[in-house]
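Engineer: A structural model of the following input is requested.
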Amino acid sequence: MSEDSKRCTFGPDSQYADVAAEVFTLLSDATRIRIILALREGEMSVGALAERIGKSPTVISQHLAKLRWGRIVEPRQEGTRAFYRLIDEHARQLVAHAVFQAQHVLDPAPAHHGSAHPAPEDLR
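Structural biologist: Presented below is the predicted three-dimensional model:
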């Protein structure tokens with residue numbers, strides 16, 4: 001897909017503006033950001049996510065429920081265990097860009113400015 005076809009062409013009167021605001025609200029929690037960052041590496045169980053993020057499985061499950069509601073993650077059952085993965089690349093890219101913006105807050109010369117555009121692997 002060419003860069004031009006990926007450009008957002010919606011105007012301020014777009015029907016998607018209110019839903020987009022809900023997506024940002026959904027992503028406004030650091031634990032959910034950490035879950036998405038962890039899931040960039042691939043599918044993970046609730047227990048593995050809990051260990052990786054340093055929260056209890058109950059807390060992780062509650063956040064995953066919200067991410068499921070927002071159609072950001074989807075589960076796969078294997079016996080009694082649930083494994084989660086990102087549904088598509090959009091949340092991954094939103095989080096990557098948010099982290100890049102956070103780098104600007106903390107560092108006057110963020111590492112992602114080493115090239116004109118972030119490398120595709122930085123958006124994963």
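
Engineer: mind giving me the packing neighbours of the helix of greatest length in the chain?
Structural biologist: If you go by DSSP state H, the chain has its longest helix at helix 89-106. In terms of contacts (3 or more CB pairs under 8 Å, 6 or more residues apart in numbering; DSSP states H and E), helix 89-106 is packed against helix 30-39. C-beta: built from backbone N, CA, C; applies to glycine.

Engineer: hmm, who's touching the following helix or strand past the helix it packs on?
Structural biologist: Next helix or strand after helix 30-39 toward the C-terminus (DSSP states H and E): strand 44-45. Outside strand 44-45, the residues within contact range by CB atoms under 8 Å, 6 or more residues apart in numbering are 38, 52, 81-85.

Engineer: work out the gap between strand 44-45 and the centre of the chain.
Structural biologist: With CA atoms, centre = their mean, to the nearest Å as the basis, strand 44-45 stands 15 Å off its chain's centre.

Engineer: what packs against whichever helix or strand comes after it?
Structural biologist: For strand 44-45, the following helix or strand on the C-terminal side (DSSP H and E) is helix 46-53. With contacts defined as 3+ CB pairs under 8 Å, 6+ apart, helix 46-53 has these neighbours: helix 30-39, helix 57-69, strand 81-86.

Engineer: residues in contact with the residue nearest to Val59 when sequence neighbours are not counted?
Structural biologist: In space, and not counting its chain neighbours, Val59 is closest to Thr31: 6.9 Å by CB to CB, 6 or more residues apart in numbering. Contacts for Thr31 (CB under 8 Å, 6+ apart) come out as 53, 55, 59-60, 63.

Engineer: show me which of the residues you listed is closest to Val73.
Structural biologist: His63 (9.5 Å; CB to CB).
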